[in-house]
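Engineer: Mind folding the following:
(one chain, ligands or ions: 2)
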Amino acid sequence: MSATIIDGKAYAAGLRTRIAEAVADMARQGATPGLAVVIVGEDPASQIYVKNKARQTVEVGMRSFEHVLPASTSEAELLGLVAQLNADPAVDGILVQLPLPKQIDAQKVIEAIDPAKDVDGFHPVNAGKLMTGVPGFVSCTPLGCLLLIQSVRKDIAGLDAVVIGRSNIVGKPMAQLLIGQSCTVTVAHSKTRDLPEVCRRADILVAAVGRPEMVRGDWVKPGAIVIDVGINRVPNLAAGEGKTRVVGDVAYAEAAERASAITPVPGGVGPMTIACLLRNTLQAACIRRGLPMPAVDFAPAA
Ligand SMILES: NC(=O)C1=CN([C@@H]2O[C@H](COP(=O)(O)OP(=O)(O)OC[C@H]3O[C@@H](n4cnc5c(N)ncnc54)[C@H](OP(=O)(O)O)[C@@H]3O)[C@@H](O)[C@H]2O)C=CC1
Ligand SMILES: Nc1nc(=O)c2c([nH]1)NC[C@@H]1CN(c3ccc(C(=O)N[C@@H](CCC(=O)O)C(=O)O)cc3)C=[N+]21
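Structural biologist: Ligands and ions are numbered 1, 2, ... in the order given. Got it, this is the predicted structure:
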C-alpha cells in the first residue's frame, strides 16, 4: 500500500487564506486582531517557531507584538509583562513561548494569562473546558492534528486511536479531542508496556514523544492514519560536519508502507500549529469584540 501524504503545509496555507479574509472583513469594521508573543531566553526549537509565526501573523493582516526578554528575566518581571498584555486592548492573544528558564515557574505564568487571551489553550480554564466539552481555546498542535486527520477521514467515530505522549500541551489535549470525536482512545507514555503492540491496535496513531524515528513501520496497523508531531533535530551526516536536519517521531519511509495516510516532518503538523494559533487569535478577537466567529476550519474530506 502506498500512503496518502497529508500535506500540512498546503492545508495550513489554505487555513491562513481564510483567516486573512476574515481579518480583512474585521479591519473594514475598524478592528484588527493582535497577537503578543513572549520569548524568554534562547531555546533553539522555539526560535524556528517564533520566526515562522511572526511572519505569518503579519501576512494574515494581524498585528504582531514581539517581546524578547533575556534568559535572566525574573518571574516577577515576566508576570508584570503578562499583566500589561492582559490589560492592553490591542492584544487579543497572548503566547508565552515554552520552555521557560528554570528560575521561572511556567505554571504560574500560564495561570496569570487572561483565559480570554489564552490562544495556546494552556490555561487550566481552557484545558478544563476542553475536558468538559465546553467551547474554549483548544491547544494549537492537537487542533491542527485533528484537522489533518479529518482531512483524510471525516467520520472517525468508533475508531481506535493511540496517542503516544501525555504532555499537557500535546498528548492530553489530543486525547480529549479524539474522545470528543467518539474515538476509543489509549494514551501511551514512557511507562507503557509493549508499546509496539499497543500501537498496532491503532486506526489513528499520533506520536508526540520527542524521540527521533522511534515508531517503526511494523508498529503501524495496515491502513492506519499516522500523525507525527515530533520535531527532532538530528545530525545530517550526508550534508557534512555540524549540519542538522529535522525528523519526526516516526520512521517515515517504513511507516508510509503500511499507513493509509501519514504526515511528513517537516511540512505536516508544524505548519498547522501556527495556522491554528492564528485561528485561535481570530476567535479571541471575535469573542472580545462581540462578533461571530467566521467559519475558517475546513476539511476537504474524503
Ligand atoms: N509540530 C509541532 O507543532 C509541535 C511539536 N512538538 C514536538 O512534539 C514532541 C513532543 O512534545 P511534548 O509533548 O512537548 O514533549 P514532552 O517531553 O513534554 O512529552 C513527551 C511524552 O512522551 C513520552 N515518552 C518519552 N519517551 C517515551 C518512550 N520511550 N516511550 C513512550 N513514551 C515516551 C513521555 O512520557 P512520560 O510522561 O512518562 O515522561 C511524555 O509523556 C517533541 O518532539 C516536540 O518537539 C511539540 C509541540 C508542537
Ligand atoms: N507556548 C508555546 N506554544 C507552542 O505551540 C510551542 C511552544 N510554546 N514551544 C515550542 C513548541 C514547538 N512548536 C512548533 C511549532 C511549529 C513548528 C513548525 O513550523 N515546524 C515546521 C518547520 C520545521 C523545521 O524546518 O525546522 C514544520 O514542521 O514543517 C515547529 C515547532 C510550537 N511550540
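Engineer: Which residue, neighbours along the chain excluded, lies closest to Pro196?
Structural biologist: Leaving aside its sequence neighbours, Pro196 sits nearest to Trp219 (Cβ to Cβ, 6 or more residues apart in numbering; 4.6 Å). The way it works is simple: take the backbone N, C-alpha and C, and place the C-beta from them, glycine included.
Engineer: What is the end-to-end distance of stretch 25-38?
Structural biologist: Terminal residues of stretch 25-38 are spaced 27 Å apart (Cα to Cα, to the nearest Å).
Engineer: same deal with stretch 185-194?
Structural biologist: Start-to-end span of stretch 185-194 (Cα to Cα) is 17 Å.
Engineer: That stretch and ligand 1, are they touching?
Structural biologist: Yes: using Cβ under 6 Å from any ligand atom, stretch 185-194 reaches ligand 1 at Ala188, His189, Ser190, Lys191, Thr192.
Engineer: How about the first one: what's its closest non-neighbour residue?
Structural biologist: Leaving out its chain neighbours, the residue that sits closest to Ala188 by Cβ to Cβ, 6+ apart is Ile164, at 4.7 Å.
Engineer: ok but Glu66 is inside a strand, no?
Structural biologist: Yes: counting by DSSP: H, G, I helix; E, B strand; the rest coil, Glu66 is located in a strand.
Engineer: who's in contact with it?
Structural biologist: Applying Cβ atoms under 8 Å, 6 or more residues apart in numbering, we find Glu66 in contact with Ala36, Val37, Ile39, Val50, Ala54.
Engineer: before we move on, what about Glu59?
Structural biologist: The contact partners of Glu59, by Cβ under 8 Å, 6+ apart, come to Arg16, Ala20.
Engineer: Return the backbone torsion pair for it.
Structural biologist: Backbone torsions of Glu59, given as degrees, to the nearest 10, read phi -60, psi -30.
Engineer: per-residue confidence at it?
Structural biologist: Looking at Glu59, its pLDDT stands at 97.
Engineer: same check, this time on Lys129
Structural biologist: In this model, Lys129 is scored at 98, pLDDT.
Engineer: That one is in contact with Gly136, isn't it?
Structural biologist: Yes: using Cβ atoms under 8 Å, Lys129 is in contact with Gly136, at 3.2 Å.
Engineer: ok, those two, which is more surrounded?
Structural biologist: Neighbour tally, Lys129 and Gly136, criterion other Cβ atoms under 10 Å: the higher count belongs to Gly136, 20 against 17.
Engineer: How about the residues of the stretch 151-300 of the chain by ligand 1?
Structural biologist: Contacts of the stretch 151-300 of the chain with ligand 1, taken as Cβ under 6 Å from any ligand atom, map to 164-167, 169-171, 188-192, 195, 208-211, 229-232, 269-270, 273.
Engineer: Apply 8 Å and report the result again.
Structural biologist: Within the stretch 151-300 of the chain, the residues that sit near ligand 1 (Cβ under 8 Å from any ligand atom) are 164-171, 188-192, 195, 208-211, 214, 229-232, 248-249, 265, 268-270, 272-274.
Engineer: What's the PyMOL line that selects buried ones from these?
Structural biologist: Listed next is the PyMOL selection for buried residues among these, using 16 or more other Cβ atoms under 10 Å:
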select buried, resi 164+165+166+167+168+169+170+171+188+195+208+209+214+229+230+231+232+248+249+265+268+269+270+272+273+274
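Engineer: Tell me which helix or strand the closest residue to ligand 2 within the stretch 201-302 of the chain sits in.
Structural biologist: Residue nearest to ligand 2 within the stretch 201-302 of the chain (Cβ to the nearest ligand atom): Gly270, separated by 2.2 Å. Using DSSP states H and E, Gly270 falls within helix 269-289.
Engineer: returning to what we had before: need the worst-confidence member of the contacts of Glu66.
Structural biologist: pLDDT across those is lowest for Val50, at 82.
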